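Colleague: sequence and predicted structure below; questions after.
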Amino acid sequence: MAVFPWHSRNRNYKAEFASCRLEAVPLEFGDYHPLKPITVTESKTKKVSRKGSTSSTSSSSSSSVVDPLSSVLDGTDPLSMFAASADPASLVATTDNSRKKRDRDDNSIVGSDFEPWASKRGEILARYTTTEKLSINLFMGSEKGKAGTAISAMSEKVRTRLEELDDFEEGSQKELLNLTQQDYVNRIEELNQSLKDAWASDQKVKALKIVIQCSKLLSDTSVIQFYPSKFVLITDILDTFGKLVYERIFSMCMDNHSILPDHFSPENVNDTAKETCLNWFFKIASIRELIPRFYVEASILKCNKFLSKTGISECLPRLTCMVRGIGDPLVSVYARAYLCRVGMEVAPHLKESLNKNFFDFLLTFKQIHSDTVQNQLVLQGVELPSYLPLYSPAMDWIFQCISYHAPEALLTEMMERCKKLANNALLLNSVMSAFRAEFIATRSMDFIGMIKECDESGFPKHLLFRSLGLNLALANPPESDRLQILNEAWKVITKLKNPQDYVNCAEVWVEYTCKHFTKREVNTVLADVIKHMTPDRAFEDSYPQLQSIIKKVIAHFHDFSVLFSVEKFLPFLDMFQKESVRVEVCKCIMEVFIKHQQEPTKDPVILNALLHICKTMHDSVNALTLEDEKRMLAYLINGFIKMSVNRLAMETRKVMKGNHSRKTAAFVRACVAYCFITIPSLVGIFTRLNLYLHSGQVALANQCLSQADAFFKAAISLVPEVPKMINIDGKLRPSESFLLEFLCNFFSTLLIVPDHPEHGVLFLVRELLNVIQDYTWEDNSDEKIRIYTCVLHLLSAMSQETYLYHVDKVDSNDSLYGGDSKFLAENNKLCETVMAQILEHLKTLAKDEALKRQSSLGLSFFNSILAHGDLRSNRLNQLSVNLWHLAQRHGCADTRTMVKTLEYIKKRSKHPDMGHLTDLALRLPLQTRT
Amino acid sequence: MGTALDIKVKRANKVYHAGPIQIINSTIEMVKPGKFPSGRTEIPFEFPLHVKGNRVLYETYHGVFVNIQYTLRCDMRRSLLAKDLTKTCEFIVHSAPQKRKLTPSPVAFTVTPETLQNVKERALLPKFLIRGHLNSTNCVITQPLTGELVVESSEAAIKSIELQLVRVETCGCAEGYARDATEIQNIQIADGDVCRGLSVPIYMVFPRLFTCPTLETTNFKVEFEVNVVVLLHPEHLITENFPLKLCRV
């Protein structure tokens, strides 16, 4: 194929711009807009009342469309309605015809504002641990050989007989001694599994035995500090059991494929199901020991629904009374907690039983300080201050259940009752943990007074202050008390000797301080923490708490200039000496910075600190770092660069009105250099490419020419590394379109980049072309040619006398070469090469399956020539005619496009200097499709 | 088709042995001789349980020494060449509820070292005062036994408080009579050193298989008692006994 010389059309950008500009037409906003919020008109009420009818009264105008969701919510939201009438007295007043509805509501009383047990579980398991050895003692089936048989008044004969009756399988006794805590947890999990297995294989009796034996473990208080966790583990099993039994009986109620509704009444339950259910209750009622009998019955409390309407409301008070028989106060309070838990789940409206549990507990409160308990503590070597907190999870739970939506009067009464008892620190703590934060916050000064009066040897004071602090983080105390509260509390906190106790307390109070006070107070608090945590490197054991302190501080101080002016903030950061933690903290800070820093910053203090933080993150990356972690870090650093460094440079430029002094120039160069060394650490290839380009533009804008060159060169050398497929949101996608986008962007920038005096003409463009040439493009893809077309556009723009745009204070090639003929010749030579490539490619597309592509590519090339080429040149003219024919040759062209194009040419030919287009138009025939 | 009822009164040591006493035996013919069509044939039947002479229709009961059992036997006589077929199964009889209303008979109790019998050295006993009451010793068999118990004071720590349900079977015949008490259920109502002055509920469900309405006949008796058993540290066992009368209403 012949080589076609390129002649760029001379452009007068200014004139073109003026002619292209649209006339400003005042826009009128009509009333109708499809995205306008739907206005609900009164027709809605009509529609609701005429539920049955199909005719709609609201079809008149589009603005009165009834939103189906809001119409459902109209007025009668069951939850909010219930909340409004939380007073039990008003509930009783509801009439019979609304009973059905009320029944339904009852179970939905517990809303999302009730913290569920599930969220307490993990906390308890993490907090109540032991290093002592544990044991599990299981007697499956028989009580043969049990050492303490003398306790039971059974005669030998009877026992043997009962054994025979009970021995459904071989009576196995298992005693597992010397278990570590983890072993214990595993064993319990195994039991949970074998319960499910036994159930699945229809061994109901075995399942019951497992549950009985497990709940028996709850009467064992050896290794008492583990008891709360044991409770959690074992009640998990009980929950499983309760669910299995309920579901089994429920499934028995299904006859003829009709499923019992969720809110069924006992009349709908068939006799077989009732009998089975009754059997369970009989079986459980005959369990000899109190504690397993209590727990197992409580676990299937819900099953009472199958038997009678009042079953649950009769059962709950009885079980509540039954707990009175449990002598050990710790075992007893956990039993109550379990009952409240089940009660809350099954019948949250039965508040009286909850209250009764609380008041019964107060009656037995003195037991905690009884001789029996004291002796046990001495035996186990447990001190009172570590014994008392064992009660907290159970008490907190009971208190929480009672105080949920409880009237203020009840809370006040409960508090008064607690106040009257001796050694009430434990109670105070649970009151603070469970009651509404607002209730506590308004009485903060009272509580501080009460806490101060508490006995030093009993419940630890730091826990009390911690609980108070937690409330104050959620609710605000009266304005006038705020400072006094902080002072009083901190006076005690700062005296705590044990750094662990101290930091647990301080962590909570930091939130209060940040919320209500200025940086001065926060600074004081941080200083105090540093003072306490530095000796003996105490901070090493408290990284999570210290981390949480930082998180709280940065959550409240979004303004980084204020944050970094808190003097002790950076020294505080220095306490994070373990690298992983340090990086975590840095990440948090950067996240907040990226999220909240709206304005570009140029505060050197902030930037210096953040640079330091980024450096820490950057340094943490090593060969073992996970891919995700790297991406996260990259994102953060990336954000910082985008946010600050480049902006910073631009800001500096703005400040100096574009005329850099020596000092600012050096600074900008430093910023640019920082970007240059940081970018390679990023993972995403397009992130890197775009950032190189972006940074290059910034460098150019700041007259850092060699730096800009470096960026562009780096970008060019990175292009060959772009993989064919990239991962976007977890899916592999071809990368070519992204590359095309990037390169077009790149070309636009290259227009104004002046040539380096020591390199050849247009060296960046050449290099880029080489890279594009060598890049392995997808087979059957025309992207390369599209890019070449773009290059052609670039080169045409470059050959203009004055370029379309410029960077202030940077001389681009137009002023450097001043339309020098040698430059133009070089430019045109490049164009020829590129055109040859395009034509070559078009030729390869002359196959059947590619004809369509050939046509569209040809037309696009035609358009490029039309737009950028000087068609007064004969050969170019001829080429365009050829292309026109090519596009139409195989009937692949879209006739309408061709017609439009021709019309456009004719229109253009009427412009001055464009007369030659008239001839061209005559040579372009339109092909009618046959 | 025949119904047979056996009452077997037996004693393990064979001193007192009375053979089964039959109190009911009736037979009805279900199908006249002939041929069944092939496939499954269901034959509905019913007949009243008429007692022999002036005997009483007792409730089904399985004890150690006394057994009251009702069985149903179906015989199919076949031609000479084929064997006759027989199938037997037990059915349960619950006596019709007694018409009269149960009069509650509450009983209160106080236990101190002084109230105890069978104590060897009263002086060695720790001091204690336990009070309580049963809501009724006349019990409906389907309703739980209820009451309350308060440990007002106790020097020694309490280990456990239990309710022991005891069944007393008495059989008599020409040679004399035998009386035997067996524990049929033991329910712990307090575990550990319970709070002083706080009432602990007494609550026990009667086990279905091992209890029946209190029964007194000329040949045998089935009676029930409950023991409130308090165990003190280190090894003291205090028992308070209450005879019960069970009935079905």
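Modeller: On my side now, so go ahead.

Colleague: now do the helix or strand A:Cys675 falls within, average pLDDT.
Modeller: Secondary structure from DSSP states H and E places A:Cys675 in helix A:662-678. Helix A:662-678 shows an average pLDDT of 68 in the prediction.

Colleague: let me know the average pLDDT across stretch B:141-159.
Modeller: On average, stretch B:141-159 scores 91.

Colleague: does it reach chain A?
Modeller: Yes - applying Cβ under 8 Å from any Cβ of the partner chain, one finds stretch B:141-159 in contact with chain A at B:144, B:157-159. Placement of C-beta: from N, CA and C, glycine included.

Colleague: grab the most central residue of the chain for me.
Modeller: In the absence of a named chain, chain A is used. With distances taken as Cα atoms, centre = their mean, the residue of chain A nearest its centroid is A:Glu591 (12.9 Å).

Colleague: you looked at the wrong chain, it should be chain B
Modeller: Nearest to the geometric centre of chain B sits B:Thr211, at 2.5 Å (Cα atoms, centre = their mean).

Colleague: pLDDT score for that residue?
Modeller: B:Thr211 is assigned 85 on the pLDDT scale.

Colleague: can you name the next helix or strand after the helix holding A:Cys675?
Modeller: helix A:685-701.

Colleague: packing partners of that next one?
Modeller: Judged by 3 or more Cβ pairs under 8 Å, 6 or more residues apart in numbering or on different chains; DSSP states H and E, helix A:685-701 is in contact with helix A:627-640, helix A:646-655, helix A:662-678, helix A:705-718, helix A:736-750.

Colleague: in contact with the closest residue to chain A within chain B, which residues?
Modeller: Closest to chain A within chain B is B:Gly192: 2.5 Å, counting by Cβ to the nearest Cβ. Shown in contact with B:Gly192 (Cβ atoms under 8 Å, 6 or more residues apart in numbering or on different chains): A:219, A:326-328, A:331, A:372, B:158-160.

Colleague: what kind of secondary structure is the closest residue to B:Val228 other than its chain neighbours in?
Modeller: Nearest non-adjacent residue to B:Val228, counting by Cβ to Cβ, 6 or more residues apart in numbering or on different chains: B:Glu240, 4.5 Å away. For B:Glu240, the assignment made with DSSP: H, G, I helix; E, B strand; the rest coil gives strand.

Colleague: likewise for B:Lys32?
Modeller: B:Lys32 is classified as coil under three-state DSSP.

Colleague: tally up the residues packed near it, please.
Modeller: B:Lys32: 5 surrounding residues under other Cβ atoms under 10 Å in any protein chain shown.

Colleague: any idea how far it lies from B:Ile43?
Modeller: Computed as Cβ to Cβ, to the nearest Å, the B:Lys32 to B:Ile43 distance reads 11 Å.

Colleague: where does chain B dip in pLDDT?
Modeller: The model of chain B has pLDDT under 70 over residues B:1-21, B:23, B:98-100, B:173-175.

Colleague: which parts of chain B sit against chain A?
Modeller: B:64, B:144, B:157-162, B:164, B:182-195, B:198-201, B:203-205, B:207-208, B:227, B:229, B:231, B:235, B:237, B:239.

Colleague: and these, which of them are buried?
Modeller: Neighbour counting by 16 or more other Cβ atoms under 10 Å in any protein chain shown classes B:64, B:157-162, B:164, B:182-195, B:199-201, B:203-205, B:227, B:229, B:231, B:239 among the residues of chain B next to chain A as buried.

Colleague: my read: A:Val605 touches A:Val562, true?
Modeller: No - A:Val605 lies out of contact with A:Val562 (Cβ atoms under 8 Å); the separation is 11.0 Å.

Colleague: re earlier: the residues of stretch B:141-159 next to chain A in helices, which ones?
Modeller: If you go by DSSP state H, the residues of stretch B:141-159 next to chain A have nothing in helices.

Colleague: among these, which are in strands?
Modeller: The strands in this structure, assigned by DSSP state E, contain B:158-159 from these.
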